[in-house]
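> the sequence and its predicted three-dimensional model are supplied below.
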Amino acid sequence: MRIVVTGGAGFLGSHLCDALINRGDSVICVDNLSTGRRENIEHLMSHDEFEFIMADVSEEIPVTVPVDAVAHLASPASPPDYHRMPLETLAVGSRGTEQGLALAQRSGARFVLASTSEVYGDPQVHPQTEDYWGHVNPIGPRSIYDEAKRFAEALTSAHRRTSQANTGIVRIFNTYGPRMRPHDGRVVTSFISQALNGDPLTIYGDGSQTRSFCYVDDLIRGIVAMIDSTDPGPVNLGNPHERTVGELAELVLQLTKADSTIEYHPLPVDDPARRRPLITRAQQVLGWEPVVSDEDGLRRTVQYFQGRPEEVEAAREAIAGGQLDGAVVPAQGTAGVVQAA
């Protein structure tokens, strides 16, 4: 198959490009490198079945050849990024999704939208099922990213209903692994970076809030299965093993063998108290479930960060003051509190 991956130089997008190339597909990666990194796809540049196009998918997707699928992953996803680029985030969720749908429909191709568990907001139903409509603040600090994805889901669903487009929606829960940036403002990267730098691990709240962490290899298998499916979704993709943020901090300290302390700070606005996917639908329609344990996935991620000491050290100031998956306190001298995805 020939598959277009928007945001293909990003954390998830580059891993998806790898998986598709490795199974024999042709891949067209489209990215403007606003948050993606060329180094993530450098190893693919010489591959005969890989093409990189530098473009802003909110403006156009300059692909003129027929394609078999479009995987729309383009979007700032880390809190510092989408707060730095609020209008761009809303644009890629709206106009970028429209561009991807138009490209897919010109070729009669499958369109898969990478949505997010953030569409559930601070959920009042636990665990979260795909038929839950969510509990979302449409004008709050998170709304830039949340509402962009909610609109993208609505647009994708409307195209399916009105023009019988072959579309699918996956809702991605917290995913981590190699190629994440140490300064991206998410809990796993910040905890690992703080531990490797010998700095305190900072938790907002009492650490009892929960998240479910899915290793990137597992998540990518789910997206590939959705590309191959005809199911419309939405389908939750995430690890149903629930862990408190406090437990995550302790596990990171154990794996890094760091003697860092843990600091606690007030909980930020709109921080979800619990987050865990019900993945029954993914198991039934995609034959998918995660297999990598938290311990194994975190160990691999720690090893990746240990191999990039200069980048980890450079992130120190950006993550100073602390973060969790729900809060980022900016470095001294900046204003406001950035809410995490």
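That came through, no problem.

> in space, what's closest to the residue located most distally from the centre of the chain - neighbours in sequence excluded?
In the chain, the residue that sits farthest from the middle, by C-alpha atoms, centre = their mean, is Asp259; the gap is 29.6 Å. Distance criterion C-beta to C-beta, 6 or more residues apart in numbering; nearest residue to Asp259, sequence neighbours excluded, is Gly198 at 7.5 Å. Just so you know, the C-beta spots here come from the backbone N, C-alpha and C atoms, and that holds for glycine as well.

> check Ile262 too.
With sequence-adjacent residues excluded and distances taken as C-beta to C-beta, 6+ apart, Ile262 is closest to Leu201, at 5.0 Å.

> for that neighbour, give me its contacts.
For Leu201, the contact set (C-beta atoms under 8 Å, 6 or more residues apart in numbering) comprises Ser190, Phe191, Gln194, Ala195, Ala249, Val252, Leu253, Ser260, Thr261, Ile262, Glu263, Gly322.

> what of Asn40?
Listed by C-beta under 8 Å, 6+ apart, the contact set of Asn40 reads Ala9, Gly10, Phe11, Gly13, Ser14, Arg179.

> what of Ala258?
Ala195, Leu196, Gly198, Val252.

> in a helix, it, correct?
No. Ala258 is assigned coil when assessed by DSSP: H, G, I helix; E, B strand; the rest coil, not a helix.

> per-residue pLDDT, it?
Listed pLDDT for Ala258 reads 94.

> ditto for Arg275
80.

> relative to Ser75, how far out is it?
19 Å (C-beta to C-beta, to the nearest Å).

> mind checking which of these two has more residues around it?
Ser75 (31 against 24; other C-beta atoms under 10 Å).

> I figured that one was touching Ile144, is that so?
No. The pair Ser75 / Ile144 is not scored as a contact, 10.4 Å apart, by C-beta atoms under 8 Å.

> overlap of the contact sets of these two?
Common contacts of Ser75 and Ile144 (C-beta under 8 Å, 6+ apart): Tyr82, Thr89.

> how near is Tyr204 to Arg186?
Distance from Tyr204 to Arg186, by C-beta to C-beta: 13 Å.

> quick one: distance of the helix or strand Ile144 falls within to the chain centre.
If you go by DSSP states H and E, Ile144 is part of helix 143-163. For helix 143-163, the separation from the chain centroid amounts to 17 Å (computed by C-alpha atoms, centre = their mean, to the nearest Å).

> try stretch 173-182
Centroid displacement of stretch 173-182 relative to its chain, using C-alpha atoms, centre = their mean, is 8 Å.

> cool, and stretch 19-30?
When distances are taken as C-alpha atoms, centre = their mean, stretch 19-30 is centred 19 Å away from the chain's centroid.

> now swap in stretch 2-16 and tell me
The answer for stretch 2-16 is 12 Å, by C-alpha atoms, centre = their mean.

> got it, and stretch 202-216?
Relative to its chain's centre, stretch 202-216 lies at 15 Å (C-alpha atoms, centre = their mean).

> cool, stretch 152-167 as well?
The answer for stretch 152-167 is 22 Å, by C-alpha atoms, centre = their mean.

> mind listing what's buried in that stretch?
By neighbour count with 16 or more other C-beta atoms under 10 Å, stretch 152-167 contains the buried residues Ala152, Glu153, Leu155, Thr156, Ser157, His159, Arg160, Ala165, Asn166, Thr167.

> got it, and stretch 222-235?
Going by 16+ other C-beta under 10 Å, stretch 222-235 has these buried residues: Gly222, Ile223, Val224, Ala225, Met226, Ile227, Ser229, Asp231, Pro232, Gly233, Pro234, Val235.

> and it, end to end?
Start-to-end span of stretch 222-235 (C-alpha to C-alpha, to the nearest Å) is 9 Å.

> pLDDT on it, on average?
Stretch 222-235 carries an average pLDDT of 98.

> contacts for it?
Contacts for stretch 222-235 (C-beta under 8 Å, 6+ apart): 3, 12, 16, 19-20, 23, 69, 71, 110, 112, 114-115, 130, 153, 157, 160, 166-171, 237, 281-282, 285-288.

> what residues of stretch 200-210 count as buried?
Buried, per 16+ other C-beta under 10 Å, within stretch 200-210: Leu201, Thr202, Ile203, Tyr204, Gly205, Gly207, Gln209, Thr210.

> could you do stretch 27-42 as well?
The neighbour-count check on stretch 27-42 (16+ other C-beta under 10 Å) flags Val27, Ile28, Cys29, Val30, Asp31, Asn32, Ser34, Thr35, Gly36, Asn40, Ile41 as buried.

> kindly confirm my reading that Pro80 is in a helix.
Yes. Going by three-state DSSP, the assignment for Pro80 places it inside a helix.
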